[in-house]
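1. need a 3D model of the following:
(one chain, ligands or ions: 2)
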Amino acid sequence: MKAIQWYPGHMAAAMRRLEKDVRLSDVVIEVVDARIVRSGRNPALARLAGTKPRLVVLEREDLANPHVTAAWLRAFAQNGEPAVAINGKSKGSTRRLKEALLLLAAGKRQARSIVVGIPNAGKSTVINALAGTNLARVENRAGVTRAPQWFRVEPRLDVLDTAGILVPKIDTPDAQWKLALCGAVPRARFDAEEIIAPFVRWAQEHRIDVPDLSAFARERGFVRRGNTLDTHNAAWSYIKEFNDGAFGRMTLEPAP
Ligand SMILES: Nc1nc2c(ncn2[C@@H]2O[C@H](COP(=O)(O)OP(=O)(O)O)[C@@H](O)[C@H]2O)c(=O)[nH]1
Ligand SMILES: [Mg+2]
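-> Ligands and ions are numbered 1, 2, ... in the order given. Modelled structure (predicted):
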């Protein structure tokens, strides 16, 4: 697998800007994909809150292994770190998210929260969930939100949507394919076929039943004239189905 990295100049600039925006905020909401709670966290973003209250939101609960998510929540609780797991598209989740947030913002007449996370973590979805309507633009690809934007999600609660920021260097090939598979890296930055092989190997090691790319391509009819497989297009479709939960709920990294 070719190395996968993505840290364009606008991310370095956004990081500097975030520090200023955090100073204007009462609460930091750190959105993390529940399937990759280790590689899906940018330590610089985790540190950003400093002494301010921080809420960790494990997003995409619906796609992750519920036992592992529960273990993560216990681990956060043991550290005294507020955390909730949510499906950004469900009403019940929204309620829990709001309760946790209002608890942290207690005492503020007008609470300001800033939402941070890596690209495609689900930051804009969290804001829409809080607002109960589509205020922030949501898209299934990395790098959509560029300029930070404040939203009044209810009379007492303002939330700042920000651009996703990855680490300057994704340190291991494991973290690279996981981030790419979960949508944190734009398509142009990696080869879809190359990340499926390590994923299938990982699944086999963990006794999780997933199709390999050829089987998937054949099953879904990615066949060219002359009966050869179109693994290139099949690979993008594979990634999409993975993120739609078609292979079942799974978490790519263990809890502590
Ligand atoms: N299944 C599932 N998809 C989600 C969830 N939250 C966000 N998404 C999807 O993930 C993609 C990225 O979400 P978005 O909020 O735009 O991420 P952002 O780049 O961090 O702002 C979109 O396709 C969302 O619909 C969730 O809890 N479950
Ligand atoms: Mg966004």
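2. in what helix or strand does the most centrally placed residue in the chain lie?
-> Compute the mean C-alpha point of the chain, and by C-alpha atoms, centre = their mean the closest residue is residue 121, 2.3 Å away. Secondary structure here is read from DSSP states H and E; on that basis residue 121 sits in neither a helix nor a strand.
3. what about the strands in the chain?
-> Using DSSP state E, the strands of the chain run over 27-33, 54-59, 83-86, 111-117, 149-154, 157-161.
4. helices along the stretch 51-200 of the chain, start to end?
-> Taking DSSP state H, counting those that start in this stretch as the criterion, the stretch 51-200 of the chain carries its helices at 66-78, 91-104, 123-131, 173-181, 192-205.
5. of all those, which one comes closest to residue 39?
-> In this view, the helices of the stretch 51-200 of the chain are compared for proximity to residue 39 by C-beta to C-beta, and helix 173-181 is the closest at 3.7 Å. No exception for glycine: its C-beta is placed from N, CA and C like everyone else's.
6. residue 25 and residue 112 touch, don't they?
-> Yes - taking contact to mean C-beta atoms under 8 Å, the distance of 4.8 Å between residue 25 and residue 112 places them in contact.
7. residues in contact with residue 132?
-> With contacts defined as C-beta atoms under 8 Å, 6 or more residues apart in numbering, the neighbours of residue 132 are 94, 153.
8. which of the strands of the chain has the lowest mean pLDDT?
-> Sorting these by mean pLDDT places strand 149-154 lowest, at a mean of 88.
9. that one near ligand 2 at all?
-> No - using C-beta under 5 Å from the ion as the criterion, no contacts between strand 149-154 and ligand 2 are found, and the smallest distance is 9.5 Å.
10. any idea how many residues pack against the residue in the stretch 151-256 of the chain positioned nearest to ligand 2?
-> Nearest residue of the stretch 151-256 of the chain to ligand 2: residue 161, at 6.0 Å (C-beta to the ion). The number of residues packed around residue 161, counting by other C-beta atoms under 10 Å, is 21.
11. the one 3 residues further on too?
-> A count of neighbours around residue 164, defined by other C-beta under 10 Å, yields 24.
12. from memory it sits against residue 122, does it?
-> No - Residue 164 lies out of contact with residue 122 (C-beta under 8 Å); the separation is 9.8 Å.
13. that older thread, turn the helices of the stretch 51-200 of the chain into CSV, including mean neighbour count and distance to ligand 2.
-> Compiled in CSV, these are given as follows (neighbours: other C-beta atoms under 10 Å; distance: least, C-beta to the ion, whole Å):
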stretch, mean neighbour count, distance to ligand 2
helix 66-78, 16, 22
helix 91-104, 16, 16
helix 123-131, 24, 3
helix 173-181, 22, 16
helix 192-205, 17, 22
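14. distance to residue 148 for those - can I get that in CSV?
-> Listed next are those as CSV, based on distance: least, C-beta to C-beta, whole Å:
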stretch, distance to residue 148
helix 66-78, 26
helix 91-104, 18
helix 123-131, 11
helix 173-181, 22
helix 192-205, 30
